[in-house]
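> predicted model follows, preceded by the sequence.
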6 protein chains.
Amino acid sequence: MTTAQPPVSRFPVPALAEMPDDIRERVEAVQEKSGFVPNVFLVLAHRPDEFRAFFAYHDALMDKPGNLTKAEREMIVVATSNLNQCQYCVVAHGAILRIRAKNKLIADQVAVNYRKADISDSQKAMIDFAVKVSSEAYKVGDSDLQTLNSHGFTEEDAWDIAAISAFFGLSNRLANVTSMRPNDEFYALGR
Amino acid sequence: MTTAQPPVSRFPVPALAEMPDDIRERVEAVQEKSGFVPNVFLVLAHRPDEFRAFFAYHDALMDKPGNLTKAEREMIVVATSNLNQCQYCVVAHGAILRIRAKNKLIADQVAVNYRKADISDSQKAMIDFAVKVSSEAYKVGDSDLQTLNSHGFTEEDAWDIAAISAFFGLSNRLANVTSMRPNDEFYALGR
Amino acid sequence: MTTAQPPVSRFPVPALAEMPDDIRERVEAVQEKSGFVPNVFLVLAHRPDEFRAFFAYHDALMDKPGNLTKAEREMIVVATSNLNQCQYCVVAHGAILRIRAKNKLIADQVAVNYRKADISDSQKAMIDFAVKVSSEAYKVGDSDLQTLNSHGFTEEDAWDIAAISAFFGLSNRLANVTSMRPNDEFYALGR
Amino acid sequence: MTTAQPPVSRFPVPALAEMPDDIRERVEAVQEKSGFVPNVFLVLAHRPDEFRAFFAYHDALMDKPGNLTKAEREMIVVATSNLNQCQYCVVAHGAILRIRAKNKLIADQVAVNYRKADISDSQKAMIDFAVKVSSEAYKVGDSDLQTLNSHGFTEEDAWDIAAISAFFGLSNRLANVTSMRPNDEFYALGR
Amino acid sequence: MTTAQPPVSRFPVPALAEMPDDIRERVEAVQEKSGFVPNVFLVLAHRPDEFRAFFAYHDALMDKPGNLTKAEREMIVVATSNLNQCQYCVVAHGAILRIRAKNKLIADQVAVNYRKADISDSQKAMIDFAVKVSSEAYKVGDSDLQTLNSHGFTEEDAWDIAAISAFFGLSNRLANVTSMRPNDEFYALGR
Amino acid sequence: MTTAQPPVSRFPVPALAEMPDDIRERVEAVQEKSGFVPNVFLVLAHRPDEFRAFFAYHDALMDKPGNLTKAEREMIVVATSNLNQCQYCVVAHGAILRIRAKNKLIADQVAVNYRKADISDSQKAMIDFAVKVSSEAYKVGDSDLQTLNSHGFTEEDAWDIAAISAFFGLSNRLANVTSMRPNDEFYALGR
């Protein structure tokens, strides 16, 4: 019933030895920390300058201090990525969400329909906003920020939610165009 | 970060002892076979006549002989249910798909973007048709059946694909309106 | 300007004599009561088990006791079926709606734009909910049931509305895929 | 189950005696010919200059010579008006279509799903184009005119189809905003 | 990077000498007033009766007295025409809007996202309504007119807004089907 | 008719003296080169790390060598940004497109409907792909790259087109959420 496993990317993927030093070092660091190299690192290494900008942006949003917990940031990624039908992001960030939230069920729940997930009403409002940014940002206005505020989110939190939604919208499109394949390791992580 | 676990259904759920005999027997049979009672049995037991018709329809499509494998039928369910954002069906039938296909990865792949899944081109054409039936059946015409035929599907297979897509469209809507909760057991099955 | 009349179904239709006894009896009963056999009985008789489940489900929703009048149930069918562009269901259930409501105008009004039909505000709220279930059930939440309640509908009525909408969504998809032809008799009934 | 019959328009409707002479004469002429005054004449008489332009446009498209039959022009109106959920246009022009085509069934068929109607393949291609003009005219290009041509339609026919679709798009919007009520007489005409 | 300039219309365009007198006179008048002949006059002159009705309708809406300023009417045209992706109307009426409003920036702002334009909240509400009429007029109801009223618009203003939106919806479709080319002169007017 | 000019951003904007050195230097450099500071630099300076990643990404895509001309890259930005209703990007990059293409008309043409713009068929195919990436990247497959190839675009060009579309999708969302105001200077540049 299955066909041969497709490659990691529709585009060429450089060998570790061919990568610029800074990129190879980042790849080796993640390999050491995670035990495997998430394919997004290999796929984007085909374009070193874009690799650097992509991960700088990622880190600026996902590793920065702020009111949103690490798990909440991953909820935004998982919910919007499923609406964008991005296999890589749902599978990979679903794993990270399970780990961050120490919750085996949450990633699948948030991916399919966050309105029915075991999360708080504030978290649902957070994802409502992220989905609006993802699908019709041109309609975002004062009332959206007021709704967020009524759930305890500051104006800076609104920026964070919007920027994470927008950045992973970029990521979702790259993953779909490159046919970026989720590593097999992600599927069972945190379950 | 999480809230109290919500109930199995927005509507009343009868105790086993309150169910009509035939329904209680079916519930006990599935309990014995699976080791737990999938919540769809409890949620629909609130309406015994609808319960009976629902499962008669389910069995007529999913347990009947035919060219589609059991795994292929589940692929249709999983792909269309995610587009309908039905948490129960994606989680529960994702588990069944993993088991039927003896493949730990396939359910998440098919749910998020079947075009990138480890399935055959014919299976992708099968899901293309199922998605068209689910989202714009009014446009289905001769050319769709010809495309299916070019992938080896007979006219009777086309009926099967369409009927499974249509039946789970019903199921997706009931699950979303009742807030039918997937059993915790499903998430890890077959992984 | 017209072409030869197309057949009743894209799929084979069994002769009365070929049908299983229980199905033939139901067909004969409806023939006796209505004076003709609605094509849905012939089209689905190609699949006896599905026929039985389909009509069991239909009867469980449309013939059961409950607060919704028979005419109101048909309004739900007619409005959602037109949005799904299902010729069979709009024409056949339009006829039934005219008869149930004893109103010659109502079916065409409800089919095209129920917001402008000669029905009560509560009935418009009922169809609003049915349309939401039909088109974006994943968004249904507590506030929808509260709105229904403010129009006098109980929680059980909400289930009825949702289930009718969902069941005819299934029916609409089958009718479109099979190219189920409405009987000529339906068009003028109740006018 | 029904409420009091709503008025003909959400806006004021002038009495015959208040209308400018040319408009009153047109209203009287249609009354004499049809036996009743279609409400569109009354609703638009509230704005005499718009009334004159509207009917001049209508006549320029619907009464002109050309390859499209009168019935075919009405098919375009009925199909696109139902997609725009315009009760007045579907009911009124459905009646005219039945009369023009001398066919009791055709209007309901074309309204709900023209792909399943008893019309020729060329007529289906004609309506395909009309629907594209109605819903995404910005995508119309050379290939659309070539498709029409392969069905025997000239470039001038393409203009006619497009203009009828566009004009009734205007009409549909006015009818929905004014809550223009179809006359009771239309429903049974030609059946 | 550019190709040869495409013609003014996909359809034949009559020479001035070939036009009926009244049409030629209108063309000459606009030429004298504007310094050039906007291509819409040439494109529609291919169909004299439609030309006359079109401009009669245009004048009845755009030149009539009423509460809406000339600039506000153009805002409606520009905002809805961009959503309909009509190059001719956005470019030509963008120029007129800049002139009417004596504002070099306003046309581009309103075209792309009127919610962020330098216009009043009432003008945003006016365009909200115009966009609803353009995209989903079937949902327009009492509450829309109440919202307009809360911004100071009368019922007659609501008709004006709706009619302008609907008329230019017709115009947008004709321009897209004919590939009506905006005159080069429009781009810089009023900047 | 106009209200007071809104601020540059919904969020705080740092003074030049408050910016980190590297950011202030970039701002001063663009000021020197362009004669004014495009507001995107001020708006994003509120978040220095995101500023750095954003412009690194921008430069990696827009300033890199490659087969796409500078003008073609701007066409992609302008066309997709208008569909996303992003005022800042259409106005600012419209100006850049006019300058890069040395063409006063092209930006407005491409923004509203690139299918009718004075560009080559290959450039229209390029934008077709960019729009697909922007609106339904999950459907991108081999056939899209083959279509691009038939217009002379390599696989690396496909990455470039997709990445520009995806990056400006991020930019469009940030601009809409921050209410980023286009500088007045952009409107007339290159006209």
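Structure received.
> pull out the buried residues from stretch A:96-104.
Neighbour-count burial for stretch A:96-104 flags A:Ile96, A:Leu97, A:Arg98, A:Arg100, A:Ala101, A:Asn103 (criterion: 16 or more other Cβ atoms under 10 Å in any protein chain shown). All C-beta atoms are positioned from the backbone trio N, CA, C, and that covers glycine.
> give the contact list for A:Val112.
For A:Val112, the contacting residues are A:Asn82, B:Asn82, B:Gln85, B:Cys86, B:Gln87, B:Val90, B:Val91, B:Ala111, by Cβ atoms under 8 Å, 6 or more residues apart in numbering or on different chains.
> switch to 6 Å and redo it
B:Gln85, B:Gln87, B:Val90 (Cβ atoms under 6 Å, 6 or more residues apart in numbering or on different chains).
> same check, this time on A:Cys89
A:Ser81, A:Ser171, A:Asn172.
> make a markdown table from those and add neighbour count and secondary structure to it.
What follows is these, written out as a markdown table (neighbours: other Cβ atoms under 10 Å in any protein chain shown; DSSP: H, G, I helix; E, B strand; the rest coil):
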| residue | neighbour count | secondary structure |
| --- | --- | --- |
| A:Ser81 | 27 | helix |
| A:Ser171 | 27 | helix |
| A:Asn172 | 28 | helix |
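> next one, pLDDT for the residue most central in space within chain A please.
Per Cα atoms, centre = their mean, the C-alpha nearest to the average position across chain A is that of A:Val77, at 4.2 Å. Note for A:Val77: predicted pLDDT of 98.
> could you check how far it is from C:Gly190?
55 Å (Cβ to Cβ, to the nearest Å).
> tell me the pLDDT at A:Thr2?
On the pLDDT scale, A:Thr2 gets 45.
> check which helix or strand the nearest residue to A:His93 once chain neighbours are set aside maps to.
Spatial nearest neighbour of A:His93, excluding adjacent residues (Cβ to Cβ, 6 or more residues apart in numbering or on different chains): A:Val77 at 4.3 Å. A:Val77 is located in helix A:70-83, with elements delineated by DSSP states H and E.
> could you list the residues of chain A in contact with chain B?
Applying Cβ under 6 Å from any Cβ of the partner chain, we find that chain A lies next to chain B at A:1-3, A:71, A:85, A:87, A:90-91, A:101, A:105, A:108-109, A:112-113, A:116, A:118, A:120, A:179, A:187-188, A:191.
> now, those that are in helices?
A:Ala71, A:Gln87, A:Val90, A:Val91, A:Ala101, A:Asp108, A:Gln109, A:Val112, A:Asn113 (DSSP state H).
> pLDDT and distance to A:Pro12 added to the residues you listed, as TSV?
Below are those laid out as TSV (pLDDT from 0 to 100; distance: Cβ to Cβ, whole Å):
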residue	pLDDT	distance to A:Pro12
A:Ala71	98	35
A:Gln87	98	21
A:Val90	98	25
A:Val91	98	23
A:Ala101	98	36
A:Asp108	98	33
A:Gln109	98	37
A:Val112	98	34
A:Asn113	98	38
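> select from the residues you listed the one having the most neighbours.
Neighbours here mean other Cβ atoms under 10 Å in any protein chain shown. Within those, the largest count is held by A:Val90, at 34 neighbours.
> got the contact list for that residue?
A:Ser81, A:Asn82, A:Ala111, B:Val112.
> does the one helix or strand A:Lys124 maps to come close to chain F?
Here A:Lys124 sits within helix A:121-136, counting by DSSP H and E. Yes. Judged by Cβ under 6 Å from any Cβ, helix A:121-136 comes into contact with chain F at A:Val133.
> do that helix and chain C meet?
No. Helix A:121-136 lies apart from chain C when judged by Cβ under 6 Å from any Cβ; the minimum separation is 9.7 Å.
> how about the very next helix or strand once past that helix as CSV, C-alpha atoms only?
Next in sequence after helix A:121-136, counting helices and strands by DSSP H and E, comes helix A:142-150. Extracted in CSV, the C-alpha atoms of helix A:142-150 (Å, rounded to 0.1, in the frame of the first residue of the first chain):
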residue,chain,number,x,y,z
ASP,A,142,-8.6,47.6,17.6
SER,A,143,-11.4,45.3,18.7
ASP,A,144,-9.2,42.3,18.2
LEU,A,145,-6.6,43.7,20.6
GLN,A,146,-9.3,44.6,23.1
THR,A,147,-10.6,41.0,23.0
LEU,A,148,-7.1,39.8,23.6
ASN,A,149,-6.7,42.3,26.4
SER,A,150,-9.9,41.0,28.1
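> state the mean pLDDT of helix A:142-150.
Per-residue pLDDT values across helix A:142-150 average out to 98.
> now swap in stretch A:11-27 and tell me
Mean predicted confidence for stretch A:11-27 is 98.
> next one: it to chain centre, how far?
22 Å (Cα atoms, centre = their mean, to the nearest Å).
> tell me which parts of chain A are close to chain F?
A:49-50, A:53, A:56-57, A:60, A:85, A:133, A:137-138, A:140, A:162, A:166-167, A:169-170, A:173-174, A:176-177.
> among those residues, name the buried ones.
By 16+ other Cβ under 10 Å, the residues of chain A next to chain F give A:50, A:53, A:56-57, A:60, A:85, A:133, A:137-138, A:140, A:162, A:166-167, A:169-170, A:173-174, A:176-177 as buried.
> A:Ser34: how many residues sit nearby?
By other Cβ under 10 Å, the residues close to A:Ser34 number 13.
> same question, the one 5 residues further on
Applying the criterion other Cβ under 10 Å, we find 21 residues in the vicinity of A:Asn39.
> could you find the closest non-adjacent residue to it?
The shortest distance from A:Asn39 to any non-neighbouring residue, by Cβ to Cβ, 6+ apart, is to A:Val8 (4.8 Å).
> identify the residues contacting the one you found.
A:Asn39, A:Leu42, A:Arg181.
> just send these back as JSON lines, with distance to B:Glu28, pLDDT and secondary structure too.
Shown next, in JSON lines, are the contacts of A:Val8 (distance: Cβ to Cβ, whole Å; pLDDT from 0 to 100; DSSP: H, G, I helix; E, B strand; the rest coil):
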{"residue": "A:Asn39", "distance to B:Glu28": "46", "pLDDT": "98", "secondary structure": "helix"}
{"residue": "A:Leu42", "distance to B:Glu28": "51", "pLDDT": "98", "secondary structure": "helix"}
{"residue": "A:Arg181", "distance to B:Glu28": "43", "pLDDT": "98", "secondary structure": "coil"}
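> returning to that earlier point: alpha carbons of the helix holding A:Val77, as CSV, please.
What follows is helix A:70-83, C-alpha atoms only, in CSV (Å, rounded to 0.1, in the frame of the first residue of the first chain):
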residue,chain,number,x,y,z
LYS,A,70,6.8,28.0,25.3
ALA,A,71,3.9,25.7,25.0
GLU,A,72,1.5,28.5,24.0
ARG,A,73,3.9,29.5,21.2
GLU,A,74,3.8,26.0,19.9
MET,A,75,0.0,25.9,20.1
ILE,A,76,-0.1,28.8,17.7
VAL,A,77,2.3,27.0,15.4
VAL,A,78,0.3,23.8,15.4
ALA,A,79,-3.1,25.3,15.0
THR,A,80,-2.2,27.6,12.1
SER,A,81,0.0,25.1,10.4
ASN,A,82,-2.8,22.5,10.2
LEU,A,83,-5.1,25.1,8.5
